[in-house]
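Asks: Fold the following for me, if possible:
(one chain, ligands or ions: 1)
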Amino acid sequence: MTSTTDDTTLLRSALHKHWGYDGFRPHQQAAMQSVLSGRDSVVVLPTGGGKSLCYQVPAVVLDGVAIVVSPLISLMKDQVDGLRECGIPAAAVNSSLSAAERGRIASDLRAGKLKLLYVAPERLCTERMLDFLHELKLSFIAVDEAHCISAWGHDFRPEFRLLGQLRDSFPDIAVHAYTATATENVRQDIAEQLRLDDPEFIVGSFDRPNLQYRVMRRSQVGTQIRDVIARHKGESGIIYCISRREVDSTAAELRADGYRAVPYHAGLTDEERHKHQDQFVNDQIDIVVATVAFGMGIDKPDVRYVIHAAAPKSVEHYQQETGRAGRDGLPAECVLCYSPGDFMTWERMCSELPPEAFQQMKASLKLMERYCVAPVCRHRALVEHFGQSYEGDKCAACDVCLDQLELVAEPLIVAQKILSCVIRVREMFGGQYVSQVLCGSQEARIRENGHDQLSTYGLLKEHHHKVVREWIEQLVGQGFLVKDGEYHTLKVTSHGRQLLKGEITPRLLQPTKKKTASSSSKAKNAADDRPFDTGLFEHLRQLRRELAETKGIPPFMVFGDVTLRDLARRRPTTPEAFGEVHGVGERKAAEYGDAFQFAIAEYCADHQLGMNIVVD
Ligand code: ADP
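Replies: Have a look, this model is predicted:
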């Protein structure tokens with residue numbers, strides 16, 4: 001076995017040669033090292049964290065062919081096309097291949113010509129395929145989207161369970177699992193189901209610093225949506241709605257206004273869905289309006305915004321759907337427009353579920369609601385939801401930390417009134433009841449309990465009890481109150497007692513927001529915020545689209561936006577300068593170098609711009 005330093009050099013030089021990248025993303029190096037050392041591993045990185053490279057780079061470095069298990073044909077195709085663009089021989093076997101194509105892949109494999117082979121689990125685990133693979137030299141097995149093996153995950157696929165037998169079939173071949181699903185029990189389940197041997201667990205941070213999160217109450221959603229789109233002219237975005245009907249009407253309205261938008265939901269034919277997805281991936285349209293049905297298998301790295309026109313049904317869904325923005329590390333925004341009615345809509349839609357699943361769904365809805373109403377840093381709330389702690393006080397990339405919320409002027413006094421009322425009713429009642437006491441309700445129950453005699457009775461009567469109810473949720477969200485037991489009775493926490501003493505001040509949102517948060521400030525934590533020539537960027541974007549169309553691949557596979565920005569910044573017109581650009585590997589330099597250098601030289605001459613700029 002090679003030493004670690006040698007391994008790092010090998011990995012780095014493959015990363016540079018094929019992908020044109022200079023360094024590793026967090027945890028990539030450890031994950032790759034684990035593959036080289038032959039120890040099983042479970043790698044958990046957020047969407048856009050760079051999981052694919054964790055196995056693709058070692059596959060290039062090691063002898064033999066790596067088997068990659070992947071759930072969707074569209075995912076496999078994208079990955080294989082992307083690898084070939086980088087000059088790496090790879091193939092996918094699936095039902096869409098002709099016998100001749102399958103034969104060619106088999107002979108390439110026998111000749112040791114391929115570095116990666118993508119295959120669906122049900123195909124991999126056939127006797128015929130396993131026998132065939134025994135004839136080959138395998139480097140390792142990678143299981144992508146590995147959470148699909150766990151019934152506790154949100155996307156269980158029974159066919160993934162077949163993968164448990166790989167350990168018996170290939171006892172000496174290491175198995176590596178990759179997922180973006182964070183929960184501890186899913187992680188453990190993956191290791192057990194795949195029968196991994198003392199696996200290394202590599203778990204990255206779930207924070208996505210380049211995403212800017214904003215949550216707002218829904219009012220005139222059409223305007224709220226257009227506000228966001230206006231900040232992203234000609235860029236790609238996704239709008240999620242709850243129902244198919246809303247998807248259709250929103251897409252139609254946007255089209256009528258001249259936007260390049262298409263609908264996507266399970267009510268469309270397969271053909272229509274594929275067409276709309278392809279148009280999006282190929283930059284032929286800008287906006288997909290969709291239900292939850294859209295997204296799995298979309299690797300498009302340059303989605304610049306995700307709008308939720310209604311609340312999703314769980315924080316997990318929210319994380320996954322917003323996660324589709326900004327995979328390339330550049331700034332992207334996620335705007336959620338919710339209404340309390342959304343949660344009831346979901347309950348209605350899921351009322352057919354078996355009782356246990358229904359209860360679980362209601363609990364998830366509650367957490368989602370809390371995320372919406374509690375004015376705590378969105379980055380912190382998401383990271384903590386997934387059991388990690390958030391470093392730092394202010395994220396500088398959410399409506400809360402950017403002070404874009406309309407807040408109550410004297411939140412401490414309001415909160416103290418609420419908490420004292422919780423104590424006066426002896427911490428034996430829920431939010432609904434407490435809000436009614438505070439608002440001086442005439443309900444018989446309150447009088448029967450003698451609570452109309454309390455000093456806190458009617459203390460907030462100038463507000464509607466629904467507003468007080470929301471403030472209570474916001475206080476729960478900030479940890480000043482907890483809901484206890486089956487009846488969700490409110491209790492004051494130790495944090496809450498500090499609030500009562502005036503030692504901490506909470507944040508409470510105004511019931512109606514006068515201004516809509518429409519700041520265009522971008523997340524400061526994005527991978528690359530150095531200036532570049534935007535005119536040249538657009539010019540090169542057009543060239544990229546033309547080259548991609550000729551080759552029949554998505555534009556981002558020619559070069560991603562990070563590379564186009566770097567080109568528009570450095571403006572290389574020689575092969576040497578071109579090779580220095582982020583994301584330009586040897587193969588792409590050879591294939592696209594001339595076209596881009598020529599276009600840059602021409603543009604710079606026309607616009608009197610300097611060329612071959614040296615950038616740190
Ligand atoms: P995931 O599968 O975790 O969602 P991907 O593997 O699709 O993420 O990577 C997301 C994007 O980041 C891709 O465009 C990929 O090329 C890019 N990327 C991955 N690793 C690096 C790196 N070390 N340096 C620069 N870009 C990277």
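Asks: So what's the residue count around the closest residue to the ligand within the stretch 251-400 of the chain?
Replies: Scanning the stretch 251-400 of the chain for the residue nearest the ligand gives P301, at 4.1 Å (criterion: C-beta to the nearest ligand atom). Placement of C-beta: from N, CA and C, glycine included. A total of 19 residues lie near P301 under the criterion other C-beta atoms under 10 Å.
Asks: That one: what's it in contact with?
Replies: G48, R327, D328, F556, G560, D561 (C-beta atoms under 8 Å, 6 or more residues apart in numbering).
Asks: switch to 10 Å and redo it
Replies: Going by C-beta atoms under 10 Å, 6 or more residues apart in numbering, P301 touches 48, 236, 324, 326-330, 554, 556-557, 560-562.
Asks: The ligand next: which of those residues are close?
Replies: G48, R327, D328, G560 (C-beta under 6 Å from any ligand atom).
Asks: phi, psi of the residue nearest the centre of the chain?
Replies: For the chain, the residue sitting closest to the mean C-alpha position, by C-alpha atoms, centre = their mean, is G323 at 1.3 Å. Phi and psi for G323, reported as degrees, to the nearest 10, are phi -60, psi -20.
Asks: For it, which residues are in contact?
Replies: 46-49, 180, 206, 208, 211, 295, 303, 306, 334, 382.
Asks: And what about the residue of the stretch 251-400 of the chain closest to the ligand, helix, strand or coil?
Replies: coil (DSSP: H, G, I helix; E, B strand; the rest coil).
Asks: what are the phi and psi values for it?
Replies: phi -80, psi -10.
Asks: do V247 as well
Replies: Dihedral angles for V247 - degrees, to the nearest 10 - are phi -60, psi -50.
Asks: Please report how far it lies from Y457.
Replies: To Y457, V247 is 47 Å away according to C-beta to C-beta, to the nearest Å.
Asks: ok, now which ones touch W152?
Replies: T181, T183, N185, V186, R187, Q188, D189, I190.
Asks: Mind telling me what element it is part of?
Replies: W152 belongs to no helix or strand when assigned by DSSP states H and E.
Asks: Can you check the pLDDT for it?
Replies: pLDDT recorded at W152 is 73.
Asks: Thought I472 was touching Q436, still the case?
Replies: No - applying C-beta atoms under 10 Å, one finds Q436 not in contact with I472, separated by 11.2 Å.
Asks: Angles on the backbone of G579, please.
Replies: phi -70, psi -20.
Asks: Would you state the helices of the stretch 51-200 of the chain in chain order?
Replies: Ranges of helices in the stretch 51-200 of the chain, per DSSP state H, counting those that start in this stretch, are 51-61, 73-85, 99-110, 121-124, 127-134, 166-169, 184-193.
Asks: Is it possible to get those helices out as CSV so that each row also shows distance to the ligand and mean neighbour count?
Replies: Listed next are the helices of the stretch 51-200 of the chain as CSV, based on distance: least, C-beta to the nearest ligand atom, whole Å; neighbours: other C-beta atoms under 10 Å:
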stretch, distance to the ligand, mean neighbour count
helix 51-61, 3, 24
helix 73-85, 8, 20
helix 99-110, 23, 13
helix 121-124, 18, 19
helix 127-134, 24, 13
helix 166-169, 21, 16
helix 184-193, 16, 18
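Asks: Present those as CSV; the columns should include mean pLDDT and distance to A415.
Replies: Below are the helices of the stretch 51-200 of the chain laid out as CSV (pLDDT from 0 to 100; distance: least, C-beta to C-beta, whole Å):
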stretch, mean pLDDT, distance to A415
helix 51-61, 97, 42
helix 73-85, 91, 48
helix 99-110, 95, 65
helix 121-124, 93, 52
helix 127-134, 95, 62
helix 166-169, 94, 55
helix 184-193, 91, 33
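Asks: Would you reformat these as TSV and include distance to A251?
Replies: Below are those laid out as TSV (distance: least, C-beta to C-beta, whole Å):
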stretch	distance to A251
helix 51-61	31
helix 73-85	21
helix 99-110	36
helix 121-124	34
helix 127-134	41
helix 166-169	43
helix 184-193	34
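Asks: ok so, going back, turn the contacts of W152 into JSON lines, columns for distance to E538.
Replies: Listed next are the contacts of W152 as JSON lines, based on distance: C-beta to C-beta, whole Å:
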{"residue": "T181", "distance to E538": "37"}
{"residue": "T183", "distance to E538": "42"}
{"residue": "N185", "distance to E538": "47"}
{"residue": "V186", "distance to E538": "42"}
{"residue": "R187", "distance to E538": "43"}
{"residue": "Q188", "distance to E538": "48"}
{"residue": "D189", "distance to E538": "47"}
{"residue": "I190", "distance to E538": "43"}
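Asks: What is the neighbour count of the closest residue in space to A381 that isn't next to it in sequence?
Replies: Among residues not flanking A381 along the chain, Y371 sits closest, at 5.6 Å (C-beta to C-beta, 6 or more residues apart in numbering). Per other C-beta under 10 Å, the neighbour tally for Y371 reads 24.
Asks: Do you have the strands of the stretch 251-400 of the chain handy? List them.
Replies: 261-264, 287-290, 303-308, 332-338 (DSSP state E, counting those that start in this stretch).
Asks: returning to that earlier point: for the residue nearest to the centre of the chain, give its distance to M296.
Replies: For G323 relative to M296 (C-beta to C-beta), the value is 11 Å.
Asks: same deal with S364?
Replies: For S364, the distance to M296 - C-beta to C-beta - is 19 Å.
Asks: Pick out whichever of these two has more residues nearby.
Replies: S364 (18 against 15).
Asks: doesn't Q319 make contact with the more buried one?
Replies: No - between S364 and Q319 there is no contact under C-beta under 10 Å: 12.0 Å.
Asks: Please enumerate the shared neighbours of these two.
Replies: In contact with both S364 and Q319: P312, using C-beta under 10 Å, 6+ apart.
Asks: Near the ligand, which residues of the stretch 451-600 of the chain? Just list them.
Replies: Counting by C-beta under 6 Å from any ligand atom, the stretch 451-600 of the chain sits next to the ligand at G560.
Asks: which residues in the stretch 451-600 of the chain form strands?
Replies: Going by DSSP E, counting those that start in this stretch, the stretch 451-600 of the chain shows strands at 481-484, 489-492.
Asks: Go through the first one and flag the buried ones.
Replies: Buried residues in strand 481-484, counted by 16 or more other C-beta atoms under 10 Å: L481, V482, K483.
Asks: swap in stretch 88-97?
Replies: Buried-residue list, stretch 88-97, by 16+ other C-beta under 10 Å: I88, P89, A90, A91, A92, V93.
Asks: from the residues you listed, which has minimum pLDDT?
Replies: V93 (94).
Asks: sorry, back to before: from the ones next to the ligand among the contacts of P301, which is closest to G535?
Replies: G560 (19.3 Å; C-beta to C-beta).
Asks: who touches the closest one in this structure?
Replies: By C-beta under 10 Å, 6+ apart, the neighbours of G560 are P301, D302, R327, D328, G329, L330, R544, D566, H582, G583.
Asks: among the residues you listed, who's most crowded?
Replies: Going by other C-beta under 10 Å, R544 tops those with 26 neighbours.
Asks: Wait, it touches F559, no?
Replies: Yes - R544 lies in contact with F559 (C-beta under 10 Å); the separation is 6.0 Å.
Asks: what residues do these two have in common as contacts?
Replies: Between them, R544 and F559 share the contacting residues L567, Y592, F596, judged by C-beta under 10 Å, 6+ apart.
Asks: Please identify which of the residues you listed is nearest to L194.
Replies: For these, the nearest to L194 is Y592 (39.3 Å; C-beta to C-beta).
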